[in-house]
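Visitor: Any chance you could fold what I've pasted below:
(2 chains)
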Amino acid sequence: MSENEENNHKNFIEEIVEQDLAQGKNEGVIQTRFPPEPNGYLHIGHAKSICLNFGLALEYGGKTNLRFDDTNPVTEDVEYVESIKNDIRWLGFDWEDREFYASDYFEKLYEYAVQLVKDGKAYVDDSPLEEIRRMRGVPTEPGEESPYRDRSVEENLDLLERMREGEFPEGARVLRAKIDMASPNMQLRDPVMYRILHKEHHRTGDAWCIYPTYDWAHGQSDAIEGITHSICTLEFEVHRPLYDWFLDQIGTFDASVLQPRPRQIEFARLNLSYTVMSKRKLLELVEGDFVSGWDDPRLPTILGMRRRGYTASGIRNFAERVGVAKRDNVIDLSFLEYCIREDLNKTAPRVMGVLDPVKLIITNYPEGQREDLSIENNPEDPASGSRSVPFSRELYIEQDDFMEDPPKKYFRLGPGGEVRLKGAYIITCTDFKKDPDTGKITEIYATYDPHTKSGEDTSGKKVKGTIHWVSLPHALPVEVRLYDRLFTDPDPAGHKDQDFKRFLNPESLNVIEKAYVEPSLKQAKPLENFQFMRKGYYCLDPDSTEDRLIFNQTVTLRDTWAKIQQK
RNA sequence: UGUCCGGUUGUGUAAAGGUAGCACAGGAGAUUUUGGUUCUCUUAGUCAGGGUUCGAAUCCUUGCCGGACAACCA
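Guide: Model (predicted):
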């Protein structure tokens, strides 16, 4: 899937991997993992991480595990597990039989914790939450040690066991690593390893009432699975010393965690302009009914992009091309759209659809006559063949494609003007009707030149413009949903004083109740991609029924005419 | 006033002491039975100061700016 010749610069993670491989680390093996927490739906940022992790393994002959980071039963649910798996599969990646859960390792983790306690490197703290918080201090000042910090090993062991047995209420005690309350790195100020949570876990049921924290579970899970490169986002950078500390301590009594020894590498998360990416904000949009659901085509969720008609290969390509680095970034939405168009241009069959119809009557074309014209499916892909499109005396064309009083650079229809009907004939406009009240054009009249039929044109005529059309008696009425960016501001979440929802774009969804498309679309399958010629890419919405087809606009075509008009 | 990370055209991302390149976006043109695609050409950049060096985006230093860290979230 990935890139070829000119793209030989490596990102910094590839460089690290190559160095490790060259130095013979981990016996030349690379193993990565994608570690989602099953508490929400995946979005384009996750897609980048998925592509990075799976892509790296593919590139260097390694494997990638799927590991659910299910250490917090309060927020997690199986519902998310299934959805996440579907999304990864849809993106085109395969974890084979390596579907793991941090909860698979709860027992092992507990054993490790017990040993740490025995080694005097962890202790049970009875302090209430607020007290622990207070004693942790602030980044600029050292914290203070807990009065329970120097309990005997025996007492710690006993307490830890009773925590596990469920003797204590939630919040009563925690197990903490004994590191350094004065560390300038807050993560090292005796971080919590276990908290008491009397909650049912979606996999382990009621087997546990103490649950490991992220820091305690993650690195050890990596080690247990033999992960060599544990890739995460920048905010975990300050956790790395802790990640390494746990491994070092456990390594003193279980050398297996050190071979291979997992290494944490952080990269900058993906940000996209004109949208929001945080789980919390996405949830707010869904629950507040600002969008129709997690699969709303305006959302940057994988579910949403898929329904929008974005392709997996387009997204993969995007993820690869945005690069990997450590500096904060905001990717132009237009770059994503470019990647999607690029893919669709090569693969999407062309069809004709009129979104804003006006009737065109070819006065010299026999009434009741029908011609079946053969039109190529995709000029970019000769192998895609052609299809039959009915033509007749009465057609629909786009309102936009006629102007009563056209400017000089206008290549479409005007009174007395000529234009080619795509795949059909050259016509000359002879007359038109206008609604006197609204000024709207209601009917256009034209004559056609029978010698100008596409493919067998003997007229020698040349016209500047070609427009699309749909035969009126054969047209299929459909609903079309046009989408625009969800927010009007490039960084809706970037205003400290204002709620991001303030920047919601009221025009982000525009429903056309009745557009007309060529009859071949009757056969369209849900989510199938098409190019509506001269308009954009569309896919069939899964909500469509036999007698009501709905098309989602994936992305418009580049429109240089619109740009010219703006000037 | 702490620690860590970062700062290259508008946006991304390369250049590992030796010509600042590529992509998107912007602009100009050619081709075109999609004002699409494709193809040319083009505008625009090393945060600032000092130092090392024949030579600095790169190394050192000072400063400035941005981000992360103070959940029993991940």
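
Visitor: does A:Ile564 really touch A:Lys409, like I thought?
Guide: Yes: with contact defined as CB atoms under 8 Å, A:Ile564 and A:Lys409 form a contacting pair (6.6 Å). (Glycine included, C-beta is placed from N, CA and C.)

Visitor: Report the contact partners of whatever residue of the stretch 201-350 of chain A ends up closest to RNA strand B.
Guide: For the stretch 201-350 of chain A, the residue closest to RNA strand B is A:Gly323, as judged by CB to the nearest atom of the strand, at 2.7 Å. Residues in contact with A:Gly323 (CB atoms under 8 Å, 6 or more residues apart in numbering) are A:Asn11.

Visitor: Which element, helix or strand, includes it?
Guide: Using DSSP states H and E, A:Gly323 falls within no helix or strand.

Visitor: Please report how far it lies from A:Gly137.
Guide: From A:Gly323 across to A:Gly137, the span is 38 Å (CB to CB, to the nearest Å).

Visitor: Residues contacting the worst-scoring helix or strand of chain A on mean pLDDT, please?
Guide: Lowest mean confidence among the helices and strands of chain A (mean pLDDT, DSSP states H and E): helix A:560-566, at a mean of 92. For helix A:560-566, the surrounding residues in contact (CB under 8 Å, 6+ apart) are A:Lys409.

Visitor: tell me which element A:Thr64 falls in.
Guide: A:Thr64 belongs to strand A:63-68, assigned by DSSP H and E.

Visitor: Report the buried residues of the following helix or strand past that strand.
Guide: Following strand A:63-68 in sequence order, the next helix or strand is helix A:78-91 (DSSP H and E). For helix A:78-91, burial by neighbour count (16 or more other CB atoms under 10 Å) applies to A:80-81, A:83-85, A:87-88, A:91.

Visitor: Repeat that for stretch A:358-369.
Guide: A:358, A:360-362, A:365.

Visitor: hang on, the earlier thing: now the least confident helix or strand of chain A - C-alpha only, PDB.
Guide: The C-alpha coordinates for helix A:560-566 follow below in PDB (Å, rounded to 0.1, in the frame of the first residue of the first chain):
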ATOM      1  CA  THR A 560     -11.900  26.600 -10.500                       C
ATOM      2  CA  TRP A 561     -15.000  28.300 -12.000                       C
ATOM      3  CA  ALA A 562     -16.200  29.200  -8.500                       C
ATOM      4  CA  LYS A 563     -12.800  30.700  -7.800                       C
ATOM      5  CA  ILE A 564     -12.900  32.800 -11.000                       C
ATOM      6  CA  GLN A 565     -16.400  34.000 -10.000                       C
ATOM      7  CA  GLN A 566     -15.300  35.100  -6.600                       C
END
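
Visitor: Please, which helix or strand holds the residue in the stretch 451-567 of chain A that RNA strand B sits nearest to?
Guide: Closest contact between the stretch 451-567 of chain A and RNA strand B, by CB to the nearest atom of the strand, is at A:Ser454 (2.9 Å). Taking DSSP H and E as the definition, A:Ser454 sits outside all helices and strands.

Visitor: what does A:Leu336 give?
Guide: Judged by DSSP H and E, A:Leu336 forms part of helix A:333-347.

Visitor: for A:Glu76, phi and psi?
Guide: phi -100, psi 160 (degrees, to the nearest 10).

Visitor: Just to check, it is in contact with A:Thr204?
Guide: No: using CB under 8 Å as the test, A:Glu76 is too far from A:Thr204 to be in contact (11.3 Å).

Visitor: Who has more neighbours out of these two?
Guide: A:Glu76 (22 against 16; other CB atoms under 10 Å).

Visitor: Next up, the contacts around that one.
Guide: Counting by CB under 8 Å, 6+ apart, A:Glu76 touches A:37-39, A:70, A:201-202.

Visitor: So which of those wins on neighbours?
Guide: A:Asp70 (28 neighbours).

Visitor: That residue reaches A:His201, doesn't it?
Guide: Yes: between A:Asp70 and A:His201 there is a contact under CB under 8 Å: 7.2 Å.

Visitor: between these two, what contacts are shared?
Guide: A:76, A:103.

Visitor: low pLDDT regions in chain A?
Guide: A:1-7 (pLDDT under 70).

Visitor: Which residue ranges make up the domains of it?
Guide: A:3-267, A:279-349+A:479-566, A:353-468 (automatic domain parsing).

Visitor: a markdown table for the ones you listed, including distance to A:Ser273?
Guide: Output for these, formatted as a markdown table (distance: least, CB to CB, whole Å):
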| stretch | distance to A:Ser273 |
| --- | --- |
| domain A:3-267 | 12 |
| domain A:279-349+A:479-566 | 4 |
| domain A:353-468 | 26 |
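
Visitor: now the strands for the stretch 151-300 of chain A?
Guide: A:174-177, A:192-196, A:210-212, A:229-233, A:263-267 (DSSP state E, counting those that start in this stretch).

Visitor: Quick check: residues of the stretch 451-567 of chain A near RNA strand B?
Guide: When proximity is defined by CB under 7 Å from any atom of the strand, the stretch 451-567 of chain A lies next to RNA strand B at A:452-455, A:457, A:465-468, A:531, A:533-534, A:557-561, A:563-564.

Visitor: Just the buried ones from those?
Guide: By 16+ other CB under 10 Å, these give A:452-454, A:466-468, A:531, A:533-534 as buried.

Visitor: Does the closest residue to A:Asp190 other than its chain neighbours have any beta-bridge partners, and if so which?
Guide: Spatial nearest neighbour of A:Asp190, chain neighbours left out: A:Arg176 (4.5 Å); criterion: CB to CB, 6 or more residues apart in numbering. Beta bridges link A:Arg176 to A:Tyr123, A:Val192, judged by DSSP bridges.

Visitor: returning to what we had before: what helices or strands is the helix or strand that the helix holding A:Leu336 is followed by leaning on?
Guide: Remark: after helix A:333-347, the chain's next helix or strand is strand A:350-351, criterion DSSP H and E. Contacts defined by 3 or more CB pairs under 8 Å, 6 or more residues apart in numbering; DSSP states H and E place strand A:350-351 against strand A:529-532.

Visitor: How far off centre is the strand it packs on?
Guide: 21 Å (CA atoms, centre = their mean, to the nearest Å).

Visitor: try stretch A:214-225
Guide: Worked out by CA atoms, centre = their mean, stretch A:214-225 lies 27 Å from the chain centre.

Visitor: ditto for stretch A:417-437
Guide: Its chain's C-alpha centre and that of stretch A:417-437 lie 43 Å apart, by CA atoms, centre = their mean.

Visitor: Mind listing what's buried along that stretch?
Guide: A:417-429, A:432.

Visitor: Please name the residues that touch the residue nearest to A:Leu91 when sequence neighbours are not counted.
Guide: The spatially closest residue to A:Leu91, leaving aside those adjacent along the chain, is A:Ala312, at 5.2 Å (CB to CB, 6+ apart). A:Ala312 makes contact with A:90-92 under the criterion CB under 8 Å, 6+ apart.

Visitor: Quick check: residues of the stretch 301-450 of chain A near RNA strand B?
Guide: The stretch 301-450 of chain A has residues A:321-332, A:334-335, A:338, A:341-342, A:345, A:350, A:378-380, A:409-412, A:420, A:422-423 near RNA strand B, with proximity defined as CB under 7 Å from any atom of the strand.

Visitor: try 6 Å
Guide: Proximity of the stretch 301-450 of chain A to RNA strand B (CB under 6 Å from any atom of the strand) is limited to residues A:322-332, A:334-335, A:338, A:345, A:350, A:379-380, A:409-412, A:420, A:422-423.

Visitor: which outside residues touch whichever strand or helix holds A:Glu14?
Guide: A:Glu14 belongs to helix A:12-22 when assigned by DSSP H and E. The contact list for helix A:12-22, computed with CB under 8 Å, 6+ apart, reads A:10, A:26, A:28, A:30, A:52, A:56, A:59-60, A:228-229, A:231, A:263, A:265, A:267, A:324-326.

Visitor: So of the buried ones among the residues of the stretch 451-567 of chain A next to RNA strand B, which two are at opposite extremes in space?
Guide: A:Thr452 and A:Gln531 (24.4 Å; CB to CB).
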